[in-house]
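Asks: Provide a 3D model corresponding to the input given below.
(2 chains)
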Number of protein chains: 2
Amino acid sequence: MDIEEFRKAGYQAIDRICDYFYSLGDRNVLSKVEPGYLRKALPAQAPEEGENFDKIADDFKDLILPGITHWQHPSFFAYFPTASTPEGILGDLYASSVSNPGFNWICSPACTELEAVVMDWAAKLFGLSDAFLNTSGVGGGVLQTTASESGLTAVVAARARYLTTHPDVPLEKLVLYVTTQTHSLGNKAALILGLQYRTLDVTVDDNYGLRAKSFKQALEEDKAAGKHPFMLIATVGSTSIGAIDHVSEVGEVARQYDLWLHVDAAWAGVVLACPEYRGMCQLEGINTYAHSFCLNFHKWGLVNFDASAMWIRDRKLLTDALDITPTYLRTKEADEGTVIDYRNWQLPLGRRFRSLKVWFVLRSFGLNGFREHIRKGIALSKKFNALVESSPQFEIVTPPSITLTVFRLLPSTDSGVDKSDTEAVNQLNQMYQRRLHAADLFLTQTDVNKMFSIRLVIGSTRTEEEHIQRAFEIMVREIGPTIEEWKKRRETS
Amino acid sequence: MDIEEFRKAGYQAIDRICDYFYSLGDRNVLSKVEPGYLRKALPAQAPEEGENFDKIADDFKDLILPGITHWQHPSFFAYFPTASTPEGILGDLYASSVSNPGFNWICSPACTELEAVVMDWAAKLFGLSDAFLNTSGVGGGVLQTTASESGLTAVVAARARYLTTHPDVPLEKLVLYVTTQTHSLGNKAALILGLQYRTLDVTVDDNYGLRAKSFKQALEEDKAAGKHPFMLIATVGSTSIGAIDHVSEVGEVARQYDLWLHVDAAWAGVVLACPEYRGMCQLEGINTYAHSFCLNFHKWGLVNFDASAMWIRDRKLLTDALDITPTYLRTKEADEGTVIDYRNWQLPLGRRFRSLKVWFVLRSFGLNGFREHIRKGIALSKKFNALVESSPQFEIVTPPSITLTVFRLLPSTDSGVDKSDTEAVNQLNQMYQRRLHAADLFLTQTDVNKMFSIRLVIGSTRTEEEHIQRAFEIMVREIGPTIEEWKKRRETS
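Replies: Numbering: from 1, shown residues only, chains lettered A, B, ... in the order given. I've put the predicted structure just below:
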């Protein structure tokens, strides 16, 4: 494809993306394809001779789009949102044109330097301590692919830090702490690194947030058993129910026991843009105690996947753990932060030019626009919560958190469902969820103390009150048929 | 930005990328900016109110482009190439519009299914054994970000496999094998995982490729010392000099000692598209012995960064190591390969829709077009080698490998340089490299048995014979002034 063919195909792509955006509200959220649909539609090998790009672009429309679950749909409420804004798309487009592996400064100085600048812009937007600024020369920010990569990177640095002062401790004795609410990234990091982890219980009385007392008790038990606690992953806004650990409390314990504190705010962290939520979202604890902190721009933060923002209080703890450059090759400039070699802040060598889309988004929305987007989502969520609370057929299972509502169908006893029979209520809710999916209301489930519960999360830029209303109408409409289906199943079993 | 503003900004981006491509040959390869140039040019924080996108797009042109080292330049010969083709850009553009985290099938069935299909297309293109096809239901292919991530993932799986049969072996006793030629990704994987590695010597007599005898000897030594060898990373086309390990030989040893064999062909692997290079590039050894194999489409393989192709002979060894889904949640379909959950084939949870750009490239170029691109690079490299060999002032340090030439300036003794004085010759070549960079011929260095050597690699789609000629002219032109500079330095020191 030559340059003029690229221009033509590029215009076409832009036009088709515009068509796609206009059509989004009229599409189903959930893809309806069957497993294996695409292999059936495609040849078993690539063509010998090149094909015309028009045909390829048509196949994207005809074969790929039907297999897409539309995370950008105004009625997408599953998992957590994944952003795709025009600005984010344009950032990735320009970045593609100057593709380079970005592993050191000279690969393309602009890539390293823009990342250092926008991560400072972001740190200020979220109210982070100056200690986390790249300009501090000590701490700093970096864009990783995902919160799991940010978390894994932090665990590697924490392990290296612990072993520096405890060189004779076998790896098998180290313990990483998570809670029952921590994202599976914690367990997966331990699995990848072959380390032990301990999952701390959190209670409904503490709103599923970790507190000092139980954390301290676990540390004492484990130390008494000869284990070596080295790190806690705390969470602000857990995936399951949006739980928030008491970061100041557990941070102080982590400090006393010399543990690394990583705070994972992958989803909820962007709320820190709004000063009125900084208390709730533990900003003070993060600023005082966290060795590392992560939030994902690519969830609710308007920047296309992937853009996981990670800050570290002491960059040397990262580079000591990850730098394979021998000492005699280290440069004064890199150590001082005049020139950052971001390859030593991450697990892989190569890296994409992710900061460009963050720059585009922050400039095009402005800080006020960013905050408005967050506040709009929270306002819509409050409206949704009011709807759910208005119906005696639903139970709010855990207190609504930011834009996440966890609820279940709990109809009055005259419906035939015994409210105290958890298994029966779970069956009913599983049926209910399947019916909601069939009605194209895609909500994902979670388990709260063995209660099968349903999550609804708001965060798309396109979501308006009408979409919340429509979701609630489907929820109400499916109650009766679900109870009927459940009764029939009971009768026949 | 609304949809029509996006259309306008999108057209503008496409036009500007076309302008950029037209202008590439007239630009400097190397960015000339000073460290810190961008921070000086940008405000200390993001704007409160949103800015007009025209201004933002202009800033990309005026502030970012000058800080780019142009890897797409026809005269880019440093490191290894990083691809950026129109097809690759369009693939990423369409993918951005349907952004989703892709961690399971239902996230967007098309993303998982297209990846499974194109990785099979690619396996066939490169002549891989049917064992590596996704359709085998046992092995399969996956797109990772980088060769370092592919390698790290393989090490995690290899460690898990070894510990399954040796559950009582402490992590500290495991040994990963690399050679002096292995990419630092091997050492970095060991560093990340806290494992021992042993670096095997390879000799000039073996063309710096690992052979059975020395490998076996190391294994025996380590076993006798109570260590537990569990994995070898072999290389086809090393970063430093393009060395190729004798994969069949060392693969047989790895089999005998029950080690995992990972073959890293990050750069050179795409050569396997051409049957005439399959013997040289150890295809039989890979097909017979490799547990895992990696090549990067995003280097010389026409697909934009990132697109690291990784194949595994037994997917269960990956998912057993990385799946955190409890057993009772595993699905028959996922285990059988009817539905793949690629999150269990990689370290992070979320993943981008990378297969789209691979699909676009393979279809638009066709298999023949892909092979032509590879053969063109090799033909150009041969011409360059002939030029270097035609001059008595240069020494080819290691045998040219595929499209990589490693040479140094070694002028005749009447120039005043004592050829047998390695330190003097190294100083001369360091000066020479600096002069080449100043003349915008960006070539990176390597160390071969303490000889400071210079690498020239070919692989851009835009490189033609004239660019090779021009590079050689600069090389010749700078010889005299370098010797003069070197003499002056000698006299004054």
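Asks: Just checking the lengthiest helix in chain A against chain B, any contact.
Replies: If you go by DSSP state H, chain A has its longest helix at helix A:355-390. Yes. Against chain B, helix A:355-390 shows contacts by C-beta under 8 Å from any C-beta of the partner chain at A:Leu356, A:Trp359, A:Phe360, A:Leu362, A:Arg363, A:Ser364, A:Phe365, A:Gly366, A:Leu367, A:Asn368, A:Gly369. For every residue, glycine as well, the C-beta is placed using N, CA and C.
Asks: pretty sure the last one contacts B:Pro47?
Replies: It refers to A:Gly369. No. Contact between A:Gly369 and B:Pro47 fails when scored by C-beta atoms under 8 Å: they sit 9.6 Å apart.
Asks: Quick check: neighbours shared by the two?
Replies: The contact sets of A:Gly369 and B:Pro47 do not overlap (C-beta atoms under 8 Å, 6 or more residues apart in numbering or on different chains).
Asks: on that earlier part again, which among the residues of helix A:355-390 next to chain B end up buried?
Replies: The neighbour count (16 or more other C-beta atoms under 10 Å in any protein chain shown) marks A:Leu356, A:Trp359, A:Phe360, A:Leu362, A:Arg363, A:Ser364, A:Phe365, A:Gly366, A:Leu367, A:Gly369 as buried among the residues of helix A:355-390 next to chain B.
Asks: So which bits of whichever helix or strand comes after the longest helix of chain A are buried?
Replies: Per DSSP states H and E, helix A:355-390 leads on to strand A:394-401 as the next helix or strand towards the C-terminus. By 16+ other C-beta under 10 Å, the buried positions in strand A:394-401 come out as A:Phe394, A:Glu395, A:Val397, A:Thr398, A:Pro400, A:Ser401.
Asks: helix/strand/coil for A:Val202?
Replies: coil (DSSP: H, G, I helix; E, B strand; the rest coil).
Asks: that older thread, of the residues of helix A:355-390 next to chain B, which pair is most distant in space?
Replies: Greatest spatial distance among the residues of helix A:355-390 next to chain B (C-beta to C-beta): A:Leu356 and A:Asn368, at 21.7 Å.
Asks: Flag every residue of the stretch 301-450 of chain A that's near chain B.
Replies: So far as C-beta under 8 Å from any C-beta goes, the stretch 301-450 of chain A lies against chain B at A:304-306, A:321-322, A:324, A:333, A:338-339, A:347-350, A:352, A:356, A:359-360, A:362-369.
Asks: let's see 6 Å
Replies: Residues of the stretch 301-450 of chain A lying close to chain B by C-beta under 6 Å from any C-beta of the partner chain are A:304-305, A:324, A:338-339, A:348-350, A:360, A:362-369.
Asks: The residue lying closest to A:His437 once chain neighbours are set aside and B:Asp264, how far apart?
Replies: Spatially, and ignoring its direct neighbours in sequence, A:His437 is nearest to A:Leu30 (6.4 Å; C-beta to C-beta, 6 or more residues apart in numbering or on different chains). Look at A:Leu30 and B:Asp264: by C-beta to C-beta, to the nearest Å, they are 39 Å apart.
Asks: Repeat that for A:Trp300.
Replies: 38 Å.
Asks: Touching stretch A:37-44 from outside, list them.
Replies: Stretch A:37-44 has contacts (C-beta atoms under 6 Å, 6 or more residues apart in numbering or on different chains) with A:Leu63, B:Glu113, B:Val117.
Asks: what does stretch A:239-250 give?
Replies: Counting by C-beta under 6 Å, 6+ apart, A:181, A:183, A:208-212, A:215, A:234-236, A:282, A:284-286, A:398, A:401-402, A:404, A:406, A:446 sit against stretch A:239-250.
Asks: Provide the partner residues of A:Thr179 in its beta bridges.
Replies: A:Leu200 (DSSP bridges).
Asks: Next one, pLDDT for it please.
Replies: With respect to pLDDT, A:Thr179 scores 97.
Asks: ok, now which ones touch it?
Replies: A:Thr179 sits next to A:Leu200, A:Val202, A:Leu210 when contact means C-beta under 6 Å, 6+ apart.
Asks: The same query, at a cut-off of 7 Å, please.
Replies: A:Thr199, A:Leu200, A:Val202, A:Leu210, A:Asp245 (C-beta atoms under 7 Å, 6 or more residues apart in numbering or on different chains).
Asks: Also A:Phe215?
Replies: With C-beta under 7 Å, 6+ apart, A:Phe215 has these contacts: A:Leu200, A:Val250, A:Val253.
Asks: which SS state does the residue nearest to A:Ala439 when sequence neighbours are not counted fall under?
Replies: Excluding its sequence neighbours, the residue lying closest to A:Ala439 (C-beta to C-beta, 6+ apart) is A:Ile474, at 5.0 Å. Assigned with three-state DSSP, A:Ile474 falls in the helix class.
Asks: hmm, back to that, which pair in the contacts of A:Thr179 has the greatest spatial separation?
Replies: The distance between the two most remote of these (C-beta to C-beta) is 13.3 Å, for A:Thr199 and A:Asp245.
Asks: who has more neighbours, the two?
Replies: Neighbours were counted for A:Thr199 and for A:Asp245 using other C-beta atoms under 10 Å in any protein chain shown; A:Asp245 has more, 31 against 15.
Asks: and the gap between that one and B:Asp59?
Replies: Distance from A:Asp245 to B:Asp59, by C-beta to C-beta: 40 Å.
Asks: what do you get for A:Ser214?
Replies: A:Ser214 is 51 Å from B:Asp59, by C-beta to C-beta.
Asks: No more questions from me, cheers.
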